[in-house]
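With the input below, show me the fold.
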Amino acid sequence: MQHVAFVGLAWLGYGIALFLRKDALTASTTTALGAGAIGASLASALMLAVGGWLGGRLVYTFGANVAKS
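Predicted structure coming up:
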C-alpha cells in the first residue's frame, strides 16, 4: 500500500508542478520558473524514487506477483 501511496503522491506533485509552470509554458517570452514549481518537481522525484524502491522490495524481497516454479 505504501508503494501505491508514494507513486500516487508523486503523480499529484508533478501535476501541481505543471500547474505552477503553466505561465512559463504558455509565455511567448522566456519566463523564469518559480521556487514552488522546482520544489514540487524535486519532492515528486524523491517520492517516485522511494515508490520505485518499495516496488522493488515487493518483487525481489517478498516475491509479489512472481510465479513459483
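
Just give the closest residue to residue 48, not the sequence neighbours.
Residue nearest to residue 48 in three dimensions, not counting chain neighbours: residue 10, with 4.0 Å by C-beta to C-beta, 6 or more residues apart in numbering. For every residue, glycine as well, the C-beta is placed using N, CA and C.

number of nearby residues for that neighbour?
Residue 10 has 20 neighbours, counted by other C-beta atoms under 10 Å.

now residue 41
Residue 41: 18 neighbours (other C-beta under 10 Å).

Same check on residue 44?
If we define neighbours as other C-beta under 10 Å, then residue 44 has 19 of them.

what residues are up against residue 5?
Counting by C-beta atoms under 8 Å, 6 or more residues apart in numbering, residue 5 touches residue 51.

Could you report the pLDDT at the residue positioned nearest the centre of the chain?
Central residue of the chain (C-alpha atoms, centre = their mean): residue 10, 2.8 Å from the mean position. Residue 10 is assigned a pLDDT of 97 by the prediction.

Residue 32 contacts residue 24, doesn't it?
Yes: using C-beta atoms under 8 Å, residue 32 is in contact with residue 24, at 7.4 Å.
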